[in-house]
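K.L.:
Sequence and computational prediction follow.
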There are 2 protein chains.
Amino acid sequence: MADLRDAGLREGITEVIATTYSISGEPNAAPVGIHNEAGRYCVALYRGSKTLSNVKATMQLAANVTDDAVLFVRTLLDNPEASDFSRFHGFPVLRNANSWILFRCREIEERADYLLFMLNPLAVAILNKKTCAVNRGLNAVIEAAILASRYDIQISADVRERIKEQIRDYARIVERCGGRSEKEAMRILIQRFV
Amino acid sequence: MADLRDAGLREGITEVIATTYSISGEPNAAPVGIHNEAGRYCVALYRGSKTLSNVKATMQLAANVTDDAVLFVRTLLDNPEASDFSRFHGFPVLRNANSWILFRCREIEERADYLLFMLNPLAVAILNKKTCAVNRGLNAVIEAAILASRYDIQISADVRERIKEQIRDYARIVERCGGRSEKEAMRILIQRFV
């Protein structure tokens, strides 16, 4: 088994796209954060999410590591196309991920909003190594997507307006610093939320 | 010559560490943003910066691509140690960069605050390809460092207080999402500014 840091899961929280499948075999993809504390991996899955119900049914999850802004936003808002998935012994993973790690999940804690799962790696594939660089546009898309994911659960009009404002601030950074992928991702977010 | 996108200079602005040397041969390192618009590269160098005076003297600059939070913060606040540099035909580059691109610089525009230089690649070295992933802690360090770089030029106490507040907000993200490198980088920033 490769070192999972080599697959992109460094210390702290890595934002990835979790792929899972339902009891009826339907694949799903959605952003989650993978915690790595001294080589112990875990994930918090929010109540009501498709990822949580799938993990409860199968006790497996693949963490797809990517720096593709569009992929984050598309999987946040909708399920990707069937053609975005490939299969590893039947398990859905993302064809264009930089790497993926298939985990067995074990529930270790119940909280009001989420369940916490310990993760044990079953398989890992490193698909694409690149020269990693800092682009503030990508950062801004990720922060805007996280805000957007909280939008629907807010009932206060003030809080919703504040979220829209912050998303517009991030859109300005993307316009200045982002590449085509970041601009496309932000266009999708703005169209849906602002 | 390798495609510079392969060396990490994607579309939009890539935040890198510029290395230069002075007329007396002293190396310098400081963060700058490299603009890539359809394969045309340029950089804005601010008046009063060591990078600008060195580029005016030598008309060369190396863009060191990195995702190391500590390296960004250290080169923002101070010049790195002599041992951080290596030399390419005498030109200083950063030993631990993921890649570097040595550019010839040509001044194309003068503005009140900065001079704009067109960049033509002379040499490129790709040193370290990795599985690129998203860590909000790294993003937060970069945003906090950019705020910090504006701190000293502010005279309004209100603006300074607001910058400190924002840096503290980013510090909370780093505490939650960052790895050791991001936490160390933020510790250095906080020590200096907050």
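P.N.:
Ah, there it is.
K.L.:
check contacts around the residue lying closest to A:R180 once chain neighbours are set aside.
P.N.:
Closest residue to A:R180 in three dimensions, ignoring its sequence neighbours and counting by C-beta to C-beta, 6 or more residues apart in numbering or on different chains: B:E11, at 5.8 Å. The C-beta positions use only the backbone N, C-alpha and C, and glycine is treated the same way. Residues in contact with B:E11 (C-beta atoms under 8 Å, 6 or more residues apart in numbering or on different chains) are A:G178, A:G179, A:R180, B:R5, B:N36, B:E37, B:A38.
K.L.:
Just the mean pLDDT for the helix or strand hosting A:A29, thanks.
P.N.:
Using DSSP states H and E, A:A29 maps to strand A:27-37. Across strand A:27-37, pLDDT averages out at 96.
K.L.:
neighbouring strands for that strand, and are they parallel or not?
P.N.:
Paired neighbours of strand A:27-37 in the sheet (DSSP bridges): strand A:12-21 (antiparallel), strand A:40-46 (antiparallel).
K.L.:
Give the rounded mean pLDDT of the shortest one.
P.N.:
So the one you mean is strand A:40-46. 97.
K.L.:
Give the next helix or strand downstream of it.
P.N.:
Taking DSSP H and E, what comes next after strand A:40-46 is helix A:50-58.
K.L.:
And the following helix or strand past that following helix, what does it pack against?
P.N.:
Using DSSP H and E, the helix or strand that follows helix A:50-58 in sequence is strand A:60-65. In this structure, strand A:60-65 makes packing contacts with strand A:12-21, strand A:27-37, helix A:50-58, strand A:91-94, strand A:99-110, strand A:114-126, judged by 3 or more C-beta pairs under 8 Å, 6 or more residues apart in numbering or on different chains; DSSP states H and E.
K.L.:
possible to save those as CSV with mean neighbour count?
P.N.:
Conversion of those to CSV gives the following (neighbours: other C-beta atoms under 10 Å in any protein chain shown):
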stretch, mean neighbour count
strand A:12-21, 25
strand A:27-37, 20
helix A:50-58, 18
strand A:91-94, 23
strand A:99-110, 18
strand A:114-126, 17
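K.L.:
Tell me which of these approaches A:I167 most closely.
P.N.:
With C-beta to C-beta, the closest approach to A:I167 among the helices and strands packed on strand A:60-65 belongs to strand A:27-37: 15.9 Å.
K.L.:
Distance from that closest one to the middle of the chain?
P.N.:
Its chain's C-alpha centre and that of strand A:27-37 lie 5 Å apart, by C-alpha atoms, centre = their mean, to the nearest Å.
K.L.:
got the CA positions of it in PDB?
P.N.:
This file holds the C-alpha atoms of strand A:27-37, laid out as PDB (Å, rounded to 0.1, in the frame of the first residue of the first chain):
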ATOM      1  CA  PRO A  27     -23.100   5.700  -7.800                       C
ATOM      2  CA  ASN A  28     -22.800   9.100  -6.100                       C
ATOM      3  CA  ALA A  29     -20.200  11.800  -5.800                       C
ATOM      4  CA  ALA A  30     -20.000  14.700  -3.300                       C
ATOM      5  CA  PRO A  31     -17.300  16.800  -1.700                       C
ATOM      6  CA  VAL A  32     -16.100  15.900   1.900                       C
ATOM      7  CA  GLY A  33     -13.100  16.600   4.000                       C
ATOM      8  CA  ILE A  34     -10.700  13.800   5.000                       C
ATOM      9  CA  HIS A  35      -9.000  14.300   8.300                       C
ATOM     10  CA  ASN A  36      -5.500  13.000   8.800                       C
ATOM     11  CA  GLU A  37      -4.200  13.100  12.300                       C
END
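K.L.:
tell me the angle of that strand relative to strand A:60-65?
P.N.:
Angle of strand A:27-37 versus strand A:60-65, following axes from the mean of the first three to the mean of the last three C-alpha atoms, to 10 degrees, is 80 degrees.
K.L.:
hey, which helix is longest across chain A?
P.N.:
Using DSSP state H, we find that the single longest helix of chain A is helix A:157-177.
K.L.:
Please identify the next secondary structure element, helix or strand, after that helix.
P.N.:
Sequence-wise, the next helix or strand downstream of helix A:157-177 (DSSP H and E) is helix A:180-193.
K.L.:
Can you name the residues that contact the spatially most central residue of chain A?
P.N.:
Nearest to the geometric centre of chain A sits A:P31, at 1.9 Å (C-alpha atoms, centre = their mean). For A:P31, the contacting residues are A:E15, A:V16, A:I17, A:A18, A:F72, A:T75, A:L76, A:A145, A:S149, by C-beta under 8 Å, 6+ apart.
K.L.:
if I look at the second one, how far off is A:L61?
P.N.:
In this view, A:V16 and A:L61 are 10 Å apart by C-beta to C-beta, to the nearest Å.
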